[in-house]
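>>> have a look at this prediction, sequence included:
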Amino acid sequence: MEEEIQIEDGLTLIRFQNDSSESFSAQHEIDAGLIQFHFGLKGNAFFLSSQDHCTLELKEEKSLILCNLQQQSLLKLKLSPNSWVISVIVSINKFHSLFSVQADYISILSPDRKKKKYYTEGNISPSMAVVLSQLFHYSLHPSLKNLYYKGKGYELLSLYFNKMEDPNAVQCPFLIDEDNVLKIKKAREILIANMAEPPRLQQLADEIGLNMKKLKIGFKQIYGDTVYGFLFDYKMDFALKLLDSGSYNVNEVGLKIGYSTGSHFIAGFKKKFSTTPKRYLMSINTHHKNSIAFID
């Protein structure tokens with residue numbers, strides 16, 4: 001899946017999310033005067049340069065800046081299975097407006113760099129990982145999406161250039177320890193793998209090696225929701241995909257995501273999507289029939 005969000009003039013955010021078992025490829029025309037920031041949240045990706053005939057790998061929890069301000073280029077991305085990447089594309093004019101006062105501090109703005117093409121690799125800090133995770137896991141009204149992405153995009157750039165980042169400045173002291181962040185990520189994986197019969201909070205906390213208070217605080221901080229709030233949204237999104245496949249009826253989908261009673265699944269689905277599973281299926285079938293009629 002690829003989602004491009006034009007936040008404002010000179011600032012674009014692109015989410016690449018490949019949850020399949022196959023590689024995913026995408027390409028974008030990059031105009032001259034644009035700086036590319038790529039962040040690998042999960043798995044790995046490869047950037048191919050058509051001009052230089054070289055390949056750059058973006059690994060999990062790594063960042064990559066690509067900069068060629070003098071000429072247009074073609075960005076080619078190959079995303080490995082089960083991999084997530086966030087890309088932020090910024091114009092040099094927008095970038096200069098953000099950092100003009102600190103131009104001496106930001107090496108990209110040096111006169112020598114502006115005339116050259118280059119790339120820089122870096123690590124993703126725990127606080128950056130939190131923001132990246134929040135860009136993939138949020139529950140907001142669609143009308144607020146652009147504002148949310150704008151705030152997170154700016155926050156991500158500021159954290160990237162905060163070279164002297166003080167771990168104690170992170171709002172939640174829990175996140176100072178990267179091991180805790182990894183444990184929370186493991187908790188998410190356990191929930192997804194057992195969504196039909198999820199563990200109780202205490203069981204989950206015991207399995208990842210944290211107390212229940214730290215599990216609740218850490219999960220909310222990283223994923224922007226409670227443990228079971230996140231699981232509910234994930235299950236409903238998964239149910240939507242199963243219905244879209246056309247391979248399962250409503251009761252079968254409910255059972256697959258852990259609802260033994262059809263009425264409970266229907267109520268949950270309606271709470272999330274403001275319609276029932278049956279009506280959603282009917283809308284899919286109607287759209288499909290209309291598409292066939294149009295082709296004929």
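Sure, I can see it.
>>> can we go C-alpha only for contacts and neighbour counts from here?
Fine.
>>> need phi/psi at residue 275.
Note on residue 275: its backbone torsions stand at phi -150, psi 160 [degrees, to the nearest 10].
>>> show me what contacts it?
residue 269 (CA atoms under 8 Å, 6 or more residues apart in numbering).
>>> that one and residue 283, how far apart?
According to CA to CA, to the nearest Å, residue 275 and residue 283 sit 10 Å apart.
>>> next: residue 97.
Applying CA to CA to residue 97 and residue 283 gives a distance of 47 Å.
>>> in stretch 126-141, which residues are buried?
Neighbour-count burial for stretch 126-141 flags 126, 127, 128, 129, 130, 131, 132, 133, 134, 135, 136, 137 (criterion: 16 or more other CA atoms under 10 Å).
>>> now the helices for the stretch 51-200 of the chain?
92-99, 111-114, 126-136, 145-160, 178-193 (DSSP state H, counting those that start in this stretch).
>>> out of those, which is closest to residue 202?
Shortest distance between residue 202 and the helices of the stretch 51-200 of the chain, using CA to CA, is found for helix 178-193: 11.5 Å.
>>> now the helix or strand following the closest one and helix 178-193, what's the angle there?
For helix 178-193, the succeeding helix or strand toward the C-terminus, using DSSP states H and E, is helix 201-208. Helix 201-208 runs at 120 degrees relative to helix 178-193, counting by axes from the mean of the first three to the mean of the last three CA atoms, to 10 degrees.
>>> nearest spatial neighbour of residue 26, skipping sequence neighbours?
Leaving out its chain neighbours, the residue that sits closest to residue 26 by CA to CA, 6 or more residues apart in numbering is residue 77, at 5.2 Å.
>>> please report how far that neighbour lies from residue 136.
Per CA to CA, residue 77 is found 19 Å from residue 136.
>>> again, but for residue 214
As judged by CA to CA, residue 214 and residue 136 stand 22 Å apart.
>>> and what of residue 147?
15 Å.
>>> same deal with residue 29?
Using CA to CA, residue 29 is found at 24 Å from residue 136.
>>> residue 254 and residue 262 touch, don't they?
Yes - assessed by CA atoms under 8 Å, residue 254 is found in contact with residue 262 at 6.4 Å.
>>> which one of those two has more residues nearby?
Neighbours per residue (other CA atoms under 10 Å) separate residue 254 from residue 262, with residue 254 holding more: 26 against 15.
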